[in-house]
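Novice: Return atomic coordinates for the entry below.
(one chain, ligands or ions: 1)
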Amino acid sequence: LIFSGGVMLSKKILISAGPTQEPIDPIRFISNRSSGKMGYAMAIAARDAGAKVILVSGPVNIDPPARVETILTESAKEMFAAVHNRLAEIDVFIGVAAVADYCPAKTGTNKLKKSEANISLDLAKTPDILASVSQQKNRPFTVGFAAETENLRDYALGKLKEKNLDMIVANLVGINRGFETDTNSVEVFWGGGEKAI
Ligand code: C5P
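Specialist: Below is the predicted model of the structure:
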């Protein structure tokens with residue numbers, strides 16, 4: 001999204017960014033390929049457009065942007081709590097984070113030792129941060145992201161409705177596309193409109 005000077009003046013915006021890490025034991029986790037580049041770029045764009053920005057970030061290899069309040073989190077549960085802590089004070093929420101959909105049902109306190117040839121891991125659903133924000137009574141303007149490998153439009157419009165969003169930014173992802181890159185192209189949808197950027 002391109003904001004031009006000052007259009008977000010006096011707005012407070014919260015952006016979630018990066019992946020989450022779901023611990024299996026003290027030294028292992030489940031995560032995904034999100035680099036955080038999109039969320040951090042959006043935080044900088046919003047800051048430069050005059051907004052006060054809170055960035056709730058999963059583990060990434062990017063320095064916290066200047067003049068952006070950055071809160072570092074690891075798991076989906078931690079990110080959920082950090083977002084909800086600040087909900088009352090914001091005008092806009094943009095969920096850019098690639099939140100893990102599942103986490104290990106139990107986290108071992110000690111390193112899991114190898115024994116059998118095959119083992120299985122019990123997974124439990126993580127809380128949906130975006131959907132929980134849009135359910136609030138005095139909710140902020142709520143924007144979601146949809147990273148898909150196919151049927152972009154249908155999935156994005158489905159998510160806009162199911163998660164009760166004001167706007168959704170959809171992008172096609174795959175190997176070398178959409179994740180861990182410096183360029184991207186997206187399709188933005190809202191009630192009654194859409195725009196390719
Ligand atoms: O359902 P899906 O994961 O594809 O939706 C993506 C959108 O939902 C993104 O905006 C992402 O930040 C948000 N999300 C979330 N919490 C989850 C899963 C997704 O905030 N547990």
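Novice: Next, see if the longest strand belonging to the chain gets close to the ligand.
Specialist: Assignment by DSSP state E gives strand 141-148 as the longest strand of the chain. Yes: judged by C-beta under 6 Å from any ligand atom, strand 141-148 comes into contact with the ligand at 144-146. All C-beta atoms are positioned from the backbone trio N, CA, C, and that covers glycine.
Novice: Let me see the contact set for the closest residue in space to Cys103 that isn't next to it in sequence.
Specialist: Closest residue in space to Cys103, ignoring its immediate chain neighbours: Glu22 at 3.6 Å, by C-beta to C-beta, 6 or more residues apart in numbering. Neighbouring residues of Glu22 by C-beta atoms under 8 Å, 6 or more residues apart in numbering: 29-31, 75-76, 100, 102-104, 126.
Novice: Who is Glu22 paired with across the strands?
Specialist: Ile30 (DSSP bridges).
Novice: what's the spacing between it and the ligand?
Specialist: 11 Å (C-beta to the nearest ligand atom, to the nearest Å).
Novice: how far away is that residue from Val173?
Specialist: 20 Å (C-beta to C-beta, to the nearest Å).
Novice: In the sheet, which residues pair with Ser57? Tell me.
Specialist: Bridge pairing for Ser57 - DSSP bridges - gives Ala17, Leu72.
Novice: Any chance of the backbone angles for the residue sitting nearest the centre point of the chain?
Specialist: With distances taken as C-alpha atoms, centre = their mean, Ala97 lies nearest the centre of the chain, 1.5 Å away. Main-chain dihedrals, Ala97, degrees, to the nearest 10: phi -60, psi 140.
Novice: That one: what's it in contact with?
Specialist: 16-20, 34, 39, 56-58, 79, 129 are the contacts of Ala97 under C-beta under 8 Å, 6+ apart.
Novice: same question, Ile30
Specialist: 21-22, 24, 100, 102-104.
Novice: Those in helices, which ones?
Specialist: The members of the contacts of Ile30 all map outside helices under DSSP state H.
Novice: Give the ChimeraX command for selecting the buried subset of those residues.
Specialist: Here is the ChimeraX command that selects only those of the contacts of Ile30 that count as buried (16 or more other C-beta atoms under 10 Å):
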select :21,22,24,100,103,104
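Novice: on that earlier part again, dump the residues of strand 141-148 next to the ligand to TSV, plus neighbour count, distance to Gly158 and pLDDT.
Specialist: Shown next, in TSV, are those (neighbours: other C-beta atoms under 10 Å; distance: C-beta to C-beta, whole Å; pLDDT from 0 to 100):
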residue	neighbour count	distance to Gly158	pLDDT
Gly144	27	11	97
Phe145	23	14	95
Ala146	23	9	92
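Novice: what's the closest of those to Ile197?
Specialist: Phe145 (12.8 Å; C-beta to C-beta).
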